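**Student:** The sequence and its predicted three-dimensional model are supplied below.
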Amino acid sequence: MHIEYDQENDTAYVSLVARIADGAAVRQVTVEAPGGKADLNLDFDASGHLLGIEVIGARAALPAELLGRDEPRG
């Protein structure tokens, strides 16, 4: 698993596989995260395997440690 965070746009991408080849993600499903403070785009391959998750509104949905931020929670 690998996480890339774009602080300027407050988006993160959680890769669940070592590498996602160009064109491998053929289906995307968008869901609202619990609490409605973030959206999740789920990327699937042709076999229905989940490849990765794009988190829009990452600061609201993911712990600061995962985003490389050291700010107190609370």
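**Tutor:** Right, received. Where do you want to start?

**Student:** Paired strands for the helix or strand where Gln28 lies, with orientation please.
**Tutor:** Secondary structure from DSSP states H and E places Gln28 in strand 27-32. Strand 27-32 has the following strand partners under DSSP bridges: strand 39-44 (antiparallel).

**Student:** Show me the shaky parts of the protein.
**Tutor:** 69-74 (pLDDT under 70).

**Student:** Nearest to the spatial middle of it, which residue is it?
**Tutor:** The centre of the chain sits closest to Glu54, judged by Cα atoms, centre = their mean, with a distance of 2.9 Å.

**Student:** So it sits against Val31, correct?
**Tutor:** No: look at Glu54 against Val31 with Cβ atoms under 8 Å: they stay out of range, at 11.1 Å. C-betas here are computed from N, CA, C, even on glycine.

**Student:** Okay, strands next: where are they in this structure?
**Tutor:** For the chain, the strands defined by DSSP state E occupy 2-6, 11-15, 27-32, 39-44, 50-56.

**Student:** Any figure for the gap between the closest residue in space to Asn41 that isn't next to it in sequence and Gly36?
**Tutor:** Computed as Cβ to Cβ, 6 or more residues apart in numbering, the closest residue to Asn41 that is not its neighbour in sequence is Glu54, at 4.0 Å. Glu54 is 17 Å from Gly36, where distance means Cβ to Cβ, to the nearest Å.
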